[in-house]
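Asks: Have a look at this fold, sequence not included:
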């Protein structure tokens, strides 16, 4: 479902600040690829752009790229931002999912019309749209039609999060269009893919685990 937020102006989410964040994170916390991807693609098949993470972010309007800065809580200023947001929600979160465990943050910077391929994630996730707009198409969690049991097993043994895609699945999805100032809740292991709008996009995922999700 769609939520609203007020995190529209903050020095830590300006483009240059995000480029510097990307340059300060370890390589394992970075993922960046071309943006003109199909909905279904394996991790190992995602083409690279030849750009550095800093170049990708600073030129995101023309880089034809999609990138994610993972585990921003490694950086003290971004940890404070993440925890401040989650603290506002803690009473509602913990009444629903139990104790909030392993809070993590992920920032997505995407070129116009970039695609984040079909995949699932193990966290409770609220994706806040900060700049631009996008459409996230979600599918029911726990339904083997959309994420076969064998793929779940493979993922938990260290395999990829990307899922096999067929256009026959599309009627089972729900498209959530979000603009800056809006957010979408993503249930644990709910398959989804994302299409960016016609302008560059910045989004922030605030995530947590629960005993149930583990």
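Replies: Sure, I can see it. None of these values were measured; they are calculated from a predicted model.
Asks: The nearest residue to residue 97 once chain neighbours are set aside: what's it in contact with?
Replies: Counting by C-beta to C-beta, 6 or more residues apart in numbering, residue 210 is the residue found nearest to residue 97 once chain neighbours are left out, at 4.1 Å. Backbone N, C-alpha and C define where each C-beta goes, glycine included. Contact partners of residue 210, counting by C-beta atoms under 8 Å, 6 or more residues apart in numbering, are 97, 98, 99, 100, 101, 124.
Asks: got TSV for these, with pLDDT, neighbour count and secondary structure too?
Replies: Shown next, in TSV, are the contacts of residue 210 (pLDDT from 0 to 100; neighbours: other C-beta atoms under 10 Å; DSSP: H, G, I helix; E, B strand; the rest coil):
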residue	pLDDT	neighbour count	secondary structure
97	91	17	helix
98	93	13	coil
99	95	11	coil
100	96	16	coil
101	97	14	strand
124	96	22	strand
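Asks: Closest one of those to residue 197?
Replies: Of all these, residue 124 has the smallest distance to residue 197: 25.3 Å, by C-beta to C-beta.
Asks: what's across from that closest one in the sheet?
Replies: Bridge pairing for residue 124 (DSSP bridges) gives the partners residue 208.
Asks: Could you measure from residue 10 over to residue 166?
Replies: If you measure residue 10 against residue 166 using C-beta to C-beta, to the nearest Å, the figure is 40 Å.
Asks: Hmm, I typed the wrong one, I wanted residue 175.
Replies: 17 Å.
Asks: next one: residue 154
Replies: 18 Å.
Asks: circling back to that earlier point, I'd like to know which of the contacts of residue 210 is nearest to residue 149.
Replies: Taking the contacts of residue 210 together and measuring to residue 149 by C-beta to C-beta, the closest member is residue 124, at 21.5 Å.
Asks: OK, contacts around the closest one?
Replies: 93, 97, 186, 187, 188, 207, 208, 209, 210, 213.
Asks: quick check, nearest of those to residue 19?
Replies: Among the contacts of residue 124, and counting by C-beta to C-beta, the member closest to residue 19 is residue 207, at 22.7 Å.
Asks: quick one, what contacts the closest one?
Replies: By C-beta under 8 Å, 6+ apart, the neighbours of residue 207 are 103, 104, 105, 106, 121, 123, 124, 125, 126.
Asks: switch to 6 Å and redo it
Replies: Residues near residue 207 by C-beta atoms under 6 Å, 6 or more residues apart in numbering: 104, 123, 125.
Asks: So the last one is in contact with residue 203, correct?
Replies: The reference is to residue 125. No - in this structure residue 125 lies outside contact range of residue 203 using C-beta atoms under 6 Å: 10.9 Å.
Asks: I'd like to know how many residues surround the residue lying closest to residue 16 once chain neighbours are set aside.
Replies: Among residues not flanking residue 16 along the chain, residue 58 sits closest, at 7.2 Å (C-beta to C-beta, 6+ apart). Residues contacting residue 58 under the criterion other C-beta atoms under 10 Å number 18.
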